[in-house]
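# Prediction below, plus the sequence it came from.
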Amino acid sequence: RLAERGFSFPVGRVTFRALHPFSFFEFARAAGANVLVDALSGDWRALPPVHHEQAMELFGHYLAVGGMPEAVSRWVETREPHTVRQVHADLLQALAEDIQKYRLRDTAYVGAAFEALPQHYGQRFHYTGFAPGYRTEPMKRALDRLESAMIVTRVWPTSSLSLPIKRRPRSAPKLLPLDIGLGLHAMGVRFGDPGSPPLEELLDGRAAEICVGQQLLSAQQGPREPLHFWVRETTRANAELDYLLAAHGRCVPVEVKAGPSGRLRSLHQFLRRAGTATAFRLHSGPPADESHEVTV
């Protein structure tokens, strides 16, 4: 919007900071679980089972509440899900109305993109058909605007096996919401209601991957860095890993699972092709240092 108005920017006099929603650990401290956070931040190999159970219960609350400061504050004060849901509803309405007041040239596209976001959270998407009836290029620009405002984050596909991590051209990205609590609310998930899905069911779907992405963004220091996920797309078979990070001079794959069981075919394929031996598997089971024989 500033670019369209010809705004004169004071170069050299402004310092930029990216503010993210509360991370899980920040949420836990706000909820008074300092002892638990200290235990989780210590030697995870010695973590007592009771602390893991407490952490999973608190993590379930975090998925419901998210990290928006007002939602966290209301939860700490009341512990009532309907109070938090009202905060989420108010924030989403305020964001939708905020789009309209700026009178951008492509306000209709930005508004349509905002309304369509929940259908695409945690999934790969194409700009064509992102919102029915809207053209591809203006829709791409609309998502550019929403991302520059940090309302959403695109996670980019890569096929890199070593640094630097390069974006894979003409390959569909994924979409993360600003906040896990806001995102699940917009997707129609209602915690605390009769018949609401159990935590394990949510973690078996998009919620776990979305939440991990939010934690990775919150952990960044300095300017925002793009997130990537790894893909290998051939005519014979496809492979995909949830995230690929740059750490200690190499690419580190991250796979998000609902539980400790499950096949790791894509992870094994990356490790074999990259010639590396370190990876992270995130799941709801107790922490463990595992050794696997890589098979494909």
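The structure has been received and is ready for your questions.
# who touches residue 85 in this structure?
The contact partners of residue 85, by C-beta atoms under 8 Å, 6 or more residues apart in numbering, come to 185, 190. All C-beta atoms are positioned from the backbone trio N, CA, C, and that covers glycine.
# next helix or strand past the helix or strand hosting it?
Using DSSP states H and E, the element containing residue 85 is helix 81-101. Sequence-wise, the next helix or strand downstream of helix 81-101 (DSSP H and E) is helix 107-120.
# And the contacts of that following helix?
Contacts to helix 107-120, defined as C-beta under 8 Å, 6+ apart, come from residues 95-96, 99-100, 104, 130-131, 133-134, 138-139, 141-143, 145-146, 151-152, 175, 177, 183, 186-188.
# and if you look at stretch 47-63?
Under C-beta under 8 Å, 6+ apart, the answer for stretch 47-63 is 24, 27-28, 31, 33, 36, 39-40, 75, 180-181, 184, 191, 199, 202, 207, 211, 284, 286-287.
# low-confidence ranges in the stretch 151-296 of the chain?
192-200, 202-204, 258-262, 296 (pLDDT under 70).
# ok, 90 please
For the stretch 151-296 of the chain, the stretches flagged by pLDDT under 90 are 170, 188-207, 221-224, 233-238, 257-264, 277, 283-296.
# about what we covered before: show me just the buried residues among the contacts of stretch 47-63.
24, 27-28, 31, 33, 36, 39-40, 75, 180-181, 184, 191, 199, 202, 207, 211, 284 (16 or more other C-beta atoms under 10 Å).
# Let's see which of the residues you listed end up in helices.
24, 27-28, 36, 39-40, 75, 180-181, 184, 199, 202, 207, 211 (DSSP state H).
# Tally up the residues packed near residue 145, please.
If you count neighbours by other C-beta atoms under 10 Å, residue 145 ends up with 20.
# With that, I have no additional questions.
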